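Asks: output the structure for:
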Amino acid sequence: MDLSLPSLLQFVGDHPFLFTALAVAVAALVANEALAQLGGEKRLPAGAAVRLINDQDAAIVDVRAPGDFKRGHIINAINIPAAKLKERIKELPKDKERPVIVYCAIGTTAPSVASELKKLGYGTAFALKGGISGWQTDGLPVTSK
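Replies: Got it, this is the predicted structure:
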């Protein structure tokens, strides 16, 4: 396999749609991370989430669609789809000082939900870095019960 610059340029010329899709995906990932950093959003790594769950009895909120939740979720998580947060807010702990960990599929939706929870008075709301995908990549358990 030739990895020289002329062969790379030939590949790009032969596959413009594929290259454009790659460029868009990379740009979206970079923009997502940059916005998170600029917005001051802290994403909680899975190991830190486990400690928060074990040490401070953090509530876990899955903001994915119910079908995704049924296929597999973090143990003891409650499913409140992101679009239904305000109408189902009463399902969250009454103690607004209790930490809340929010997760989605890959970590793109949860940060905005965590920010919304902070606006609603939950002082320690965190988005799980990488979502359920990152959780599973770290070898942590999920359940479908």
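Asks: how about the residue nearest in space to the middle of the chain: what's its closest non-neighbour residue?
Replies: Centrality entry for the chain: nearest residue to the mean C-alpha point is residue 107, 1.8 Å, by Cα atoms, centre = their mean. In space, and not counting its chain neighbours, residue 107 is closest to residue 131: 4.2 Å by Cβ to Cβ, 6 or more residues apart in numbering. C-betas here are computed from N, CA, C, even on glycine.
Asks: neighbours of that neighbour, how many?
Replies: Residues lying near residue 131 (other Cβ atoms under 10 Å) number 23.
Asks: for it, what are its contacts?
Replies: 103, 104, 105, 106, 107, 108, 109, 110 (Cβ atoms under 8 Å, 6 or more residues apart in numbering).
Asks: re earlier: phi, psi of the residue nearest to the centre of the chain?
Replies: Taking degrees, to the nearest 10, you get phi 100, psi 20 for the backbone angles of residue 107.
Asks: need the contact list for it.
Replies: By Cβ under 8 Å, 6+ apart, the contact list for residue 107 reads 43, 127, 128, 129, 130, 131, 133, 134.
Asks: doesn't the second one fall inside a strand?
Replies: Yes. Counting by DSSP: H, G, I helix; E, B strand; the rest coil, residue 127 is located in a strand.
Asks: verify the stated contact: it with residue 114.
Replies: Yes. The pair residue 127 / residue 114 is scored as a contact, 4.4 Å apart, by Cβ atoms under 8 Å.
Asks: please report how far the residue nearest to the centre of the chain lies from residue 133.
Replies: Using Cβ to Cβ, to the nearest Å, residue 107 is found at 8 Å from residue 133.
Asks: same thing with residue 49?
Replies: Counting by Cβ to Cβ, the gap from residue 49 to residue 133 is 14 Å.
Asks: so the two - more neighbours on which side?
Replies: Legend: neighbour count by other Cβ under 10 Å for residue 49 and residue 133, higher for residue 49 (25 against 14).
Asks: quick one: which helix or strand includes the more buried one?
Replies: Secondary-structure element containing residue 49, defined by DSSP states H and E: helix 46-56.
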